[in-house]
Each structure stands twice: as C-alpha cells, then as structure tokens.
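>>> attaching a predicted model along with its sequence, questions to come.
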Amino acid sequence: MQSGVDAKTLASMLGHYSAGFTLDIYTHVTHQMQQGAADKIGGFMEGVAVTTPESEPPEPTSENGRKVIPFAQAM
C-alpha cells in the first residue's frame, strides 16, 4: 500500500474477499498520513474561491404583446 498499489488490486492479488478486509488487516493510520491528509485538505480549502451568487436575469421584454426570450434562455 505504501508503494502506491491500490487496495482493490492488492486484495485481489492476496485472495481477499474485499478491499475493506485488506485495509483492515494491512493498514493503520500514522501521524505522517494524518499530516499529509490535513495538508491536502487545507490546500484544497485555500483554493476554493468565495463566489457571490449571480443576480437574476432581467424579465424578457415585450414586443407586440409577446415575450421575447433571449436565445441563451430558451435552451
């Protein structure tokens, strides 16, 4: 697992009935793993931009009693 082999492949090679079983037997959480996960999550959260919701588009205009709907809204 530390070499980068995914749990599903490893479970299959070892003849285990599930990847969960393999993970339960052969893995444990280390401080280094926890720190790495925290760094990844922190980096992701820093990259998330705060966005403001877009304002509602204006109501379609009328021509001869008919509504004109912009092409982009019709799709």
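Arrived safely. In this text the structure is predicted, and so the values were computed from the model without any measurement. Numbering: from 1, shown residues only.
>>> got a list of contacts for the longest helix anywhere in the chain?
The residue-count maximum for a helix in the chain (DSSP state H) belongs to helix 31-47. Helix 31-47 has contacts (CB atoms under 8 Å, 6 or more residues apart in numbering) with no other residue. (Glycine included, C-beta is placed from N, CA and C.)
>>> so where do the strands sit in this protein?
61-63, 66-68 (DSSP state E).
>>> where among these is the average confidence lowest?
Here the strands of the chain differ in mean pLDDT, and the lowest is strand 61-63 at a mean of 59.
>>> how close does the nearest residue to His16 once chain neighbours are set aside get to Asp6?
Among residues not flanking His16 along the chain, Thr22 sits closest, at 4.8 Å (CB to CB, 6 or more residues apart in numbering). Distance of Thr22 to Asp6, computed by CB to CB, to the nearest Å: 10 Å.
>>> and these two? Which one has more around it.
Neighbours per residue (other CB atoms under 10 Å) separate Thr22 from Asp6, with Thr22 holding more: 21 against 10.
>>> and the more buried one, what does it touch?
The neighbourhood of Thr22, defined by CB under 8 Å, 6+ apart, consists of 7, 10-11, 14, 16.
>>> next: Phe21.
So Phe21 contacts Ala11 (CB under 8 Å, 6+ apart).
>>> pLDDT score for it?
Listed pLDDT for Phe21 reads 92.
>>> how close does it get to Val29?
17 Å.
>>> now Lys8
From Lys8 to Val29 the distance is 19 Å (CB to CB).
>>> more neighbours, those two?
For Lys8 versus Val29, neighbours defined as other CB under 10 Å are more numerous around Lys8 (12 against 8).
>>> residue contacts, the more buried one?
Counted by CB under 8 Å, 6+ apart, Lys8 has contacts Ala19.
>>> begin at 45, not 1, for the rest of this chat.
Sounds good: first residue 45 from here, last item Lys52.
>>> identify the residue nearest Ser62 in space, chain neighbours excluded?
Spatially, and ignoring its direct neighbours in sequence, Ser62 is nearest to Ala55 (6.3 Å; CB to CB, 6+ apart).
>>> tally of neighbours for that neighbour?
Other residues near Ala55 come to 19 when the count uses other CB under 10 Å.
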